[in-house]
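In: Here is a sequence together with a model predicted from it:
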Amino acid sequence: MMYGLRSTRPELHHALVVSGSYLFVIASVGLIALLIYWGAIHAAYVFVFCLLVVIAAIGFKLSVGMIRSAKLVHQLRIAEAELRHSEQRMEQAAKAGKWGVWEWTIDTDNIWVTNQMRELYGFAPVEQITFERFLSVVHDADRDIVRAGVLQFIEKGGDFSRQYRIVLPGGQVRWIATQGIVDIADDSKKQIRGVSFDISELKRSSDLLKQEKAFLKQLIDINPNMIFTKDRQGRFTLANQAVADIYGTTVDGLIGKTDADFNANAEEVQWFHQSDTEVLNTLKKQVIPEERITAANGKVHWLETVKLPVFDSHGIVSHVLGTAIDITERKEMELDLAQQRQEQAHRSRMTTLSELSGSLTHELNQPLAAILSNAQAALRFMAQDSPDLGEVREILKDIVSDNKRASEVIQGMRLLYKKGCMQFEPLDLNALISNTLNLLRSEMLNAGVLCKVNLTSGLPKINAARAQIQQVLINLIMNGCDAMAGIAESNRILLITTEMDPQQGIRITVSDQGHGIPEGTIDQVFEPFFTTKPQGLGLGLSVCRRIIIAHGGHLWVSGNAKGGTTFFFTVPVYEGSKNE
Amino acid sequence: MNNYGARVAIVDDDSSVRKAIARLLRSAELDIQLCASAQEYLEQYDPNVPGCLILDVNMPGIGGLELQDLLTERSVIAPIIFLSGQATVHDSVQALKHGAVEFLTKPVDEDELLKAVFSAIEQDKQNRSIRAEQDRIKKTVDMLTPREKQVFSYVVAGKLNKQIASELGTVEKTIKVHRARVMEKLQVKSLAELVLLAVKAGVAGHAPLGQ
């Protein structure tokens, strides 16, 4: 309005100048005519000329004004056309967006609406709309809230934004979103204008989304495996019931919290965070075959966990997704089984040892006997008038070596008696075989068996549990001796060899000249409780095979061409010794 | 110490045991013979050398108990002391039943071993003198005629002349003559002496000779 006033002032000035000039010309012509009538002048050439100049100036001024106004008219037309066009566009846009445009003059309670608005609300094409008429179509459940909202809005001003349901004449319910502003007109009459549009589709899809979300939540909650996502700080951003159960809380109670808030085991918490961070940093999937988690009740669970980085729509990773299967039961069974197997191996070793006890006693008594007699002889020599010190020195040397021999036997027995000795170490297999043969010397003597060895020298060390490999050797050697019990003593020859295996590690063979294993049962010898001996339990070879498999080797058997049986087993080479 | 020129054979396959036992015996001034196996002992055995045998039970080839039986078969009377590293009741019973002097277990104390060795040597000495006496008696008994041998065995069995006569189908007088000749040939003066000689010769309590 202010700008409009300012812009009209030069036009007024212009009109005053032109009309003033006209009045001046008319007055001047009148004055000239009077002067001629009165005869004051005869000819008014000079005056007429002056007037012509003024008239020309006016003409010029007028024509300039005319041109300008023509221009303005032209511009006005264009503006009008543009306005019309923009209105059209607005209308089209409103139509396309199903927007209804409205304006409510509060004083007269008249709501001006577009056709689109009428269509949207189901108003008749010509009826007058009042606030109450508007409220009448609003859904019963929303009406009071809408009314209160609008009244509050009128009082306070500002922007109005609300979503509500309306009921169409056919009973169909439609979701409407309305936005408006309060306008205080020049005459201080309040007006509200704004737009309304149909958001039923949007509502429906958001409801669907909510339903889907609830369903997904149900789905992950019903899953017995743990499912969760965490952010970089280790805070749960999603978790299912299984996670909540183990931590003794609710799903909602987990969100925003970290493992440290529920798990008292700092080591586990540290490990979880470490592996989460690794996934987030490397962006790689991580499979953790076994990890511990201490539940809220203090019980330790074992988990098999998979962790994945979660990419957002921009390709940025800020969360890790994990699922974990509770493998506690399986793990406990495995531990039980491993323990059972170890106990069985130990029992079998004890059986062997008790069978061997006589021989072992003999092996121990030999050096002890030598030591005692040597020492007593030395004492007697020393008691003589001129003792032979050279002889005494020899005796002492022998005592030392016999002592070593005795302690080796004890060491060997102690290792075999030891329970659960699955400690792997680099071992010289040839030395172990010699040592074992020393332990079994009397046993083989009693069985009348001659043992021949053909050990390849310079073999690399094996990675093995000493007592277990010795147990296998003892079993195979004693089996060999038993197998030859019924044949002529001169033929009772047991052959033990070691060599590099072309496929894997070191190969050991224990070969006897006995009756051999009956046809058709050779594959069964490694089965538990299979035995050909009347007093045998049939556990020896099955335990042996398990021991060798646990070492990463193989144990197999084959009949000899000339009678008898050969047992083979392989043991992997100790990795550290390959580089030596 | 007088050991009657006896030699102690040590038969053990374990060289350190053999060596140690030998040293102990030598410290007791005994003569030693070392054998690593039963075969070696059998090859070196000299019946004329007195002494005894310390024998291991468990040995490759011929074991200690087998050697004992072999020696009995060959009438070798050397007393045996068994020294076992692994004594079983069965082994010790068998050894003692078959005439072993002692069954000792390793490790053995010097007193025990030496006591056994000396008693074995003593036994060998006695065995040898008994055998010598037996040989002498056997030689004189061998001088008797078959009929005199018969009468001799009946007499020491406690039979009266009359009983002997009826058993042999002759008269009492003839028996009396045979009896006097036996007493004369065996150089005994009383029945008691005759019985003692018969015991020494090992004929007492046996079935009558010559049958």
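Out: Structure's in. What do you need? Numbering: from 1, shown residues only, chains lettered A, B, ... in the order given.

In: near chain B, which residues of the stretch 301-450 of chain A?
Out: A:358-359, A:361-363, A:365-374, A:376-378, A:380-381, A:384, A:391, A:395, A:398, A:401-402, A:405, A:442, A:445-446, A:450 (CB under 8 Å from any CB of the partner chain). For the C-beta atoms, the positions are set from N, CA and C on the backbone; glycine is no exception.

In: from those, which would you call buried?
Out: A:358-359, A:361-363, A:365-374, A:376-378, A:380-381, A:391, A:395, A:398, A:402, A:405, A:442, A:445-446, A:450 (16 or more other CB atoms under 10 Å in any protein chain shown).

In: Now do the lowest-mean-pLDDT helix or strand in chain B: which elements does it pack against?
Out: None of the helices or strands of chain B scores lower by mean pLDDT, DSSP states H and E than helix B:191-201, at a mean of 84. Here helix B:191-201 is seen to pack against helix B:110-143, helix B:146-156 when contacts are counted using 3 or more CB pairs under 8 Å, 6 or more residues apart in numbering or on different chains; DSSP states H and E.

In: The shortest one vs helix B:110-143, what angle?
Out: Read it as helix B:146-156. Using axes from the mean of the first three to the mean of the last three CA atoms, to 10 degrees, the direction of helix B:146-156 lies 130 degrees away from that of helix B:110-143.

In: picking that back up, for the helices and strands packed on helix B:191-201, give me CSV that also has mean pLDDT and distance to B:R23.
Out: Formatted as CSV, these follow (pLDDT from 0 to 100; distance: least, CB to CB, whole Å):
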stretch, mean pLDDT, distance to B:R23
helix B:110-143, 89, 11
helix B:146-156, 88, 50
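
In: Out of those helices, which gets nearest to chain A?
Out: helix B:110-143 (4.1 Å; CB to the nearest CB).

In: in the closest one, what counts as buried?
Out: B:110, B:113-114, B:116-118, B:120-125, B:137, B:141.

In: Same list, these, but as JSON lines with distance to A:G65 please.
Out: Below are the buried residues of helix B:110-143 laid out as JSON lines (distance: CB to CB, whole Å):
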{"residue": "B:E110", "distance to A:G65": "158"}
{"residue": "B:L113", "distance to A:G65": "159"}
{"residue": "B:L114", "distance to A:G65": "163"}
{"residue": "B:A116", "distance to A:G65": "163"}
{"residue": "B:V117", "distance to A:G65": "164"}
{"residue": "B:F118", "distance to A:G65": "168"}
{"residue": "B:A120", "distance to A:G65": "167"}
{"residue": "B:I121", "distance to A:G65": "170"}
{"residue": "B:E122", "distance to A:G65": "173"}
{"residue": "B:Q123", "distance to A:G65": "172"}
{"residue": "B:D124", "distance to A:G65": "172"}
{"residue": "B:K125", "distance to A:G65": "176"}
{"residue": "B:I137", "distance to A:G65": "189"}
{"residue": "B:V141", "distance to A:G65": "192"}
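
In: Could you list the low-confidence segments of chain B?
Out: For chain B, the stretches flagged by pLDDT under 70 are B:1-4, B:203-211.

In: quick check: domain ranges of it?
Out: Domain assignment for chain B, taken from automatic domain parsing, gives B:7-132, B:144-201.

In: for those domains, which one ends up most surrounded?
Out: Greatest average neighbour count among the domains of chain B goes to domain B:7-132 (a mean of 19), per mean count of other CB atoms under 10 Å in any protein chain shown.

In: quick one: is that domain near chain A?
Out: Yes: using CB under 8 Å from any CB, we find that domain B:7-132 touches chain A at B:14, B:16-17, B:19-21, B:23-24, B:26-28, B:58-60, B:83, B:85-86, B:88, B:105-110, B:113.

In: need the strands for the stretch 1-150 of chain A, in chain order.
Out: A:99-105, A:110-113 (DSSP state E, counting those that start in this stretch).

In: got the contact list for the residue of chain B most remote from its centre?
Out: Using CA atoms, centre = their mean, the residue of chain B lying farthest from its centre is B:V171. It sits 40.3 Å away. Residues near B:V171 by CB atoms under 8 Å, 6 or more residues apart in numbering or on different chains: B:A165.

In: Kindly list the main-chain dihedrals of it?
Out: phi -100, psi 160 (degrees, to the nearest 10).

In: Against B:E148, how distant is it?
Out: B:V171 is 16 Å from B:E148, where distance means CB to CB, to the nearest Å.

In: again with A:L437
Out: 66 Å.

In: Ok, A:L238 next?
Out: Counting by CB to CB, the gap from A:L238 to B:E148 is 126 Å.

In: again with A:N446
Out: Counting by CB to CB, the gap from A:N446 to B:E148 is 54 Å.

In: what does A:E329 give?
Out: A:E329 is 100 Å from B:E148, by CB to CB.

In: B:K115 now?
Out: Computed with CB to CB, the distance linking B:K115 and B:E148 is 46 Å.

In: And B:C52, by the same measure?
Out: Relative to B:E148, and taking CB to CB, B:C52 is found at 39 Å.

In: Can you show me the strands along chain B?
Out: B:7-11, B:31-35, B:51-56, B:80-84, B:102-105 (DSSP state E).

In: Next: the stretch 351-500 of chain A.
Out: Using DSSP E, counting those that start in this stretch, strands in the stretch 351-500 of chain A cover A:424-427, A:450-455, A:462-465, A:493-500.

In: Looking at chain A, which helix is longest?
Out: Scanning chain A for the helix with the most residues, using DSSP state H, yields helix A:328-383.

In: who does it touch, helix- and strand-wise?
Out: strand A:300-311, helix A:389-417, helix A:429-446, helix A:466-483, helix A:540-550, helix B:15-27, helix B:110-143.
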